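Novice: sequence-free structure coming up:
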């Protein structure tokens, strides 16, 4: 179940890269944060530990409820005249670069797994 939620986080991250509407970005941020909170709750149920429960609650309260509401209020008071534009990377290129960075980091960090006894 955790793997499904992790895939959903990657899907929402790709949606963030391709959307241009500020309200959609805030909603996607809240959904992604909710998924992170759910993962922390699942890990708490599986392993126990008050830290995971506290992390899930803090994530839920701040990243799912408070921050999106604050951003929505600011956007209502100071509406952007146009949607978010792509200034540096186009969405497809940004996704390709993100995947390449992820693969390079995975390769680099996996080299430390054997000496640390993590395999």
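Specialist: Structure received. In this text, all values refer to a predicted model and were calculated from it rather than measured experimentally.
Novice: Now the residue nearest the centre of the chain: which helix or strand?
Specialist: Averaging the C-alpha coordinates of the chain gives a centre point, and the residue nearest to it by Cα atoms, centre = their mean is residue 32 (5.0 Å). Element membership for residue 32 (DSSP states H and E) is helix 22-47.
Novice: list the helices and strands that helix packs on?
Specialist: Counting contacts by 3 or more Cβ pairs under 8 Å, 6 or more residues apart in numbering; DSSP states H and E, helix 22-47 is packed against helix 2-18, helix 50-59, helix 67-77. Glycine gets a C-beta too; all of them are placed from N, C-alpha and C.
Novice: what's the distance between the residue nearest to the centre of the chain and residue 16?
Specialist: Residue 32 sits 8 Å away from residue 16, going by Cβ to Cβ, to the nearest Å.
Novice: Equivalent analysis for residue 1, please.
Specialist: To residue 16, residue 1 is 23 Å away according to Cβ to Cβ.
Novice: Show me which of those two is the more surrounded one.
Specialist: Between residue 1 and residue 16, counting by other Cβ atoms under 10 Å, residue 16 is the more crowded of the two (15 against 9).
Novice: Skipping adjacent residues, who's closest to the more buried one in space?
Specialist: Leaving aside its chain neighbours, residue 16 sits nearest to residue 28 (5.4 Å; criterion: Cβ to Cβ, 6 or more residues apart in numbering).
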